[in-house]
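Asks: Give me coordinates for this.
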Amino acid sequence: GPALGQTARPSRPPRSLDAFLREDFPKGFLWGVSTGAFNVEGGWAEGGRGPSVWDHLGRRHASEGAATPEVASDSYHKVDTDVALLRGLQAHVYKFSISWSRIFPTGLGPGPSRQGVAYYSRLIDSLLDARIQPMATLFHWDLPQALQERGGWQDDSVVDAFLDYAAFCFATFGDRVKLWVTFHEPWVMSYAGYGTGRHAPGISDPGVVAHLVLKAHARVWHHYNSHYRPQQQGRVGIVLNSDWAEPLSPERPEDLSASERFLHFMLGWFAHPIFVDGDYPAALKAQIQQMNQQCPSLVAQLPEFTEAEKQLLKGSADFLGLSHYTSRLISFSQHVDPAWPQTSSPWIYVVPWGIRRLLQFVSLEYTRGKVPIYLAGNGMPIGETEDLLEDSLRVDYFNKYINEVLKAIKEDLVDVRSYIARALMDGFEGPFGYSQRFGLYHVNFNDSSKPRTPRKSAYFFTSIIEKNGFLPKFERDLFYHGTFREDFLWGVSSSAYQIEGAWNADGKGPSIWDNFTHTPGSNVKGNATGDIACDSYNQLDADLNMLRALKVKAYRFSISWSRIFPTGRNSSINRHGVDYYNRLINGLVASNISPMVTLFHWDLPQALQDIGGWENPSLIELFNSYADFCFQTFGDRVKFWMTFNEPTNQAWLGYAHARVYHTYDEKYRREQKGVISLSLSAHWAEPKSPEIPRDVEAADRMLQFSLGWFAHPIFRNGDYPDAMKWKVGNRSELQHLATSRLPSFTEEEKRYIRATADVFCLNTYSSRIVQHKTPRLNPPSYEDDQETTKEEDPSWPSTAINRAAPWGTRRLLNWIKEEYGDIPIYITENGVGLTNPKVEDTDRIFYHKTYINEALKAYRLDGVDLRGYSAWSLMDNFEWLNGYTVKFGLYHVDFNNTNRPRTARASARYYTEVITNNGMPLPREDEFVYGQFPEGFIWSAASAAYQVRSSGQFNDSYCRPTMCQAVGLVLGGQARTGDCHRPGAGKYGCRIRNLGGPLHGQTSFLTSPNSGRLVAAWAMLRGT
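Replies: Next up is the predicted model:
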């Protein structure tokens, strides 16, 4: 350990996000949740309970309109409900506090409140019945008001009163409670209750509060150790809270010293006397002495312990409980990094690595491997104005903080035994009333029954408990059962040129794909064209029927620019085309199917290609004019727009997207209230050798070149990814070019492009194995600029175009989240192309099943904010250069029949089942049901006379030999009969006469001799 007066500090943390650790926690690690009595119990004056300091402060502030804890979450009346919530979470331990004034209304004897004792006994028994370990806190800030009026924690008599109260709890509950906490976060009570006065009892005079708390703790620990430990075998500790203190400038000795002082004042104030030498930290005593010497009057008081008290304090804890929520940068004052995400709480910032640093510090400074650490409080609140159930930020908080705890255990060898999340449910939060919601379960405080509803974080925390940590990242072989969010947007996709046909009908102008497929040598397989395709232009009702049958909630389709503007300009509006899309949109809306409209899906009007196409900057305004018309014409019904589908190789498209986004934002958003984005495409990039940094960098570079090309300017900073700029710029210089081949944005353009998408739309189908390579410099090439090789693993299932690698979807979704933040994500295309699929297309079912399941894992296990999934495609269609040889459709289309009939494949039925279930829940027969059997239900055990009768009793005068006994004797004597069963059971059993079978209307008891389990068949029997 460190020398006396020195502070042990862990090594420097990364300022950026550490690598995520995919391992599990040690066997026996305890997962739990916490509450405090005054936060959740309510029943403030019921069952003989006396007022606490929080009741007194609440009534004092109630006249000012402040919230009070009088009812809170009403847990006093909801023991069964709360224990059911804990069972649902699969919690191992429940940390709750005992209200001192519910046991002793005045804080003192002579006798306890029977109702209060009964309440906690019932809670403890219910927890044990549910196999949940109770962790009982004796004091969580709610001193009986009667004791406060005698001086509270500023009067020595409170120590004896606390000892008597603790001794009663040990004697009454200690046969069942094996984890005890004397004080919860005494620093908060000392600082906020008796220092700033913001907490109860609302006094601004800290005095000797901490000193008396420490003495009370030590006496209680020794009392348990002497009187109860031999019989009860429990453990007694204390829970201390602390922020992590990171030096603002670690290279400055004064900042380093300031951060150490911060930790000594906040944590060492209580931890040092208990876990080190029985006295306050030397640095704390020196600092207070210096302050008092420099000031004309006494600034701070730090009482002294006697030698006997020091001996009593030293080692007076079986564990160090730690609660931690946030970190600070320390110089001569406290700071926060502006990059740290802030929660709805003014004091909690999200700094995950701080908890690992703090655990290292506690281990080095206090516990030193001799005393275990119980992490007994960690969490963050959401505000009342936030989404009260979709708490994705809290999921991300838990995910990262828990992972840092895992690193502390696995990599730093810190002895951490538990992780207890704050809190089980929303409750009264002191000065914040009910505005700060810490609960995994939302509580509706406006409803008198105070109903609880699980949040997304509850499901996430349960998944962590189930896995005991984090499975190896993206486990490929495990199928996950679960559902998506209730408003998950299930859909299918298509595009205009691929399905509409009617290439020159009703005034439509030609597109570049019409021109391309009509030109000899187009390289389209079978010389196919989209002239008729699926004939959707003439089969609108058939398409709507398919969509309704699938039960989709959304249909993603594209508008043919040249069907609206035959020449690409608003001077030539084709009313027939407008009418077609109006009828399609109206039909969707009438069927409760949301239209998701893509403005450009590769089919540029040929008239605009004739003037240079997207290489002509004038197309930006022409595209904006077309988009403006669509917003004006269809935007009253279309609430989800995509500007481009998979834009590639033209820098202008990014700026054109931004131009259209701003048009919608400025002219239409307020009235139409829609969202607008663009669909980007990417394969997942898996490094060929993950242990080789160059391959890892190459894989990331592939994603930056493909997805980041457009996503980085829009979702990050208005500019291309650094990896892309550096590689292209470096190679351009080596190619002796004056400037980079990658165009640059002006600062004004960056500001214009940045944040021009409301959601992230992703098209993804497969993955690639990526390795670094150094390619030739010339001729210049986009592919060579990436300096990568890409391949598919031959073991992956083959399809007509790509090999299937479903696990890559989960990795890609996580990469997007980490790269661009917790933005809502919609998978707008995902599907499999097959060459000759049968109507029973089991390969496609397997593809969708595994890919959707990986998306489900990303949502439920990783906290990715996935909002929707659209399968590609609704039906077989024209697949670009593959013509009609590759089939992606959930519906088969007979292209040899002029009527283009559609037939549902098995995959369509499967997809409908997934939509109906909103994911992949456990089959109902596999679900574990929590509840109680009806009152009066008879529990028993079964036997049979022949199986239990003792040897030699079969010829008792009351009984005749049975057939079984006769057969046994014939087969070879007593050893093969029931005569050798349990002694003494036979002669009484034999005398029971035949009572007959169950009568009509009676309950039939069904038994299984193999399992020994009893099942009651609650049915009317028609026979005996």
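
Asks: Sketch out the low-pLDDT regions of the stretch 101-250 of the chain for me.
Replies: Residue ranges of the stretch 101-250 of the chain with pLDDT under 70: 193, 195-197, 200-207.

Asks: go again using 80 as the cut-off
Replies: Confidence mapping of the stretch 101-250 of the chain against pLDDT under 80 gives the ranges 192-207.

Asks: Do you have the helices of it handy? List them.
Replies: 114-129, 145-148, 157-173, 186-188, 209-227, 229-232 (DSSP state H, counting those that start in this stretch).

Asks: Against which helices or strands is the shortest one packed?
Replies: Taking 3 or more CB pairs under 8 Å, 6 or more residues apart in numbering; DSSP states H and E as the contact definition, the neighbouring helices and strands of helix 186-188 are helix 209-227, strand 235-241, helix 269-272. Placement of C-beta: from N, CA and C, glycine included.

Asks: nearest to Val53, of the ones you listed?
Replies: Closest to Val53 of these, according to CB to CB: helix 209-227, at 12.5 Å.

Asks: So which bits of the strand or helix carrying Phe631 are buried?
Replies: Here Phe631 sits within helix 619-634, counting by DSSP states H and E. Of the residues in helix 619-634, 619-620, 622-628, 630-631, 633-634 count as buried by neighbour count, 16 or more other CB atoms under 10 Å.

Asks: Ok, stretch 362-373 next?
Replies: Result for stretch 362-373 [16+ other CB under 10 Å]: buried residues 362-367, 371-373.

Asks: Stretch 103-110 now?
Replies: 103-107.

Asks: The closest residue to Tyr752 other than its chain neighbours: what's it in contact with?
Replies: With CB to CB, 6 or more residues apart in numbering as the criterion, Tyr752 has its nearest non-adjacent residue at 5.5 Å, and that residue is Ala658. Residues counted as contacts of Ala658 (CB atoms under 8 Å, 6 or more residues apart in numbering) are 714, 752-753, 756.

Asks: Out of those residues, grab the one that's most surrounded.
Replies: In terms of neighbours by other CB atoms under 10 Å, the contacts of Ala658 top out with Thr756 at 24 neighbours.

Asks: Surely that residue and Tyr661 touch.
Replies: Yes - with contact defined as CB atoms under 8 Å, Thr756 reaches Tyr661; the gap is 3.9 Å.

Asks: buried ones in stretch 763-771?
Replies: 763-771.

Asks: go on, stretch 893-913?
Replies: Quick answer for stretch 893-913 (16+ other CB under 10 Å): 893, 895, 900, 902, 904-908, 910-912.

Asks: hmm, who's touching that stretch?
Replies: 492, 532, 534-535, 539, 542, 546, 549-551, 837-842, 844-845, 848-849, 871, 875-877, 884, 889-892.

Asks: how about the nearest residue to Trp221, chain neighbours excluded?
Replies: Ser316 (4.2 Å).

Asks: For that neighbour, give me its contacts.
Replies: Counting by CB under 8 Å, 6+ apart, Ser316 has contacts 217-218, 221-222, 274.

Asks: Greatest separation within those residues: which pair is it?
Replies: His222 and Ile274 (12.1 Å).

Asks: if you count what's nearby, which of those two comes out ahead?
Replies: The neighbour comparison of His222 against Ile274 (other CB under 10 Å) goes to Ile274, with 24 against 15.

Asks: Show me the shaky parts of this protein.
Replies: Checking the chain against pLDDT under 80 turns up 1-19, 58-66, 192-207, 295-301, 471-477, 648-652, 923-931, 946-1024.

Asks: so Thr774 touches Gln786, yeah?
Replies: No - between Thr774 and Gln786 there is no contact under CB under 8 Å: 11.4 Å.

Asks: out of the two, which sits in the more crowded spot?
Replies: Gln786 (23 against 7).

Asks: if I read this right, the more buried one contacts Met702, doesn't it?
Replies: Yes - counting by CB under 8 Å, Gln786 touches Met702, with 5.9 Å between them.

Asks: what's the burial count for Phe470?
Replies: When neighbours are counted by other CB under 10 Å, Phe470 comes out with 21.

Asks: next one: phi and psi at Tyr752?
Replies: phi -70, psi -40 (degrees, to the nearest 10).

Asks: Next, format the contacts of Ser316 as TSV and append distance to Ile124.
Replies: TSV is the format used below for those (distance: CB to CB, whole Å):
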residue	distance to Ile124
His217	22
Ala218	26
Trp221	21
His222	24
Ile274	26
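
Asks: Identify the residue nearest Thr567 in space, chain neighbours excluded?
Replies: Counting by CB to CB, 6+ apart, the residue nearest Thr567 is Ala607, at 4.3 Å.

Asks: Could you work out the end-to-end span of stretch 685-703 for me?
Replies: Stretch 685-703 has an end-to-end distance of 7 Å (CA to CA, to the nearest Å).

Asks: Give me the neighbour count for Pro296.
Replies: 6.

Asks: again, but for the one 10 residues further on
Replies: A total of 9 residues lie near Thr306 under the criterion other CB under 10 Å.

Asks: ok, it to Gln289 distance?
Replies: Thr306 sits 19 Å away from Gln289, going by CB to CB, to the nearest Å.

Asks: what do you get for Asp894?
Replies: 93 Å.

Asks: And Thr172, by the same measure?
Replies: 44 Å.

Asks: Would you mind telling me which of these two has the busier surroundings?
Replies: Thr172 (16 against 12).

Asks: from what I can see the more buried one touches Val117, true?
Replies: Yes - with contact defined as CB under 8 Å, Thr172 reaches Val117; the gap is 6.2 Å.

Asks: ok, which stretches of the stretch 551-700 of the chain are helices?
Replies: Counting by DSSP H, counting those that start in this stretch, the helices of the stretch 551-700 of the chain are 561-564, 575-590, 606-609, 619-634, 651-667, 669-672, 693-706.
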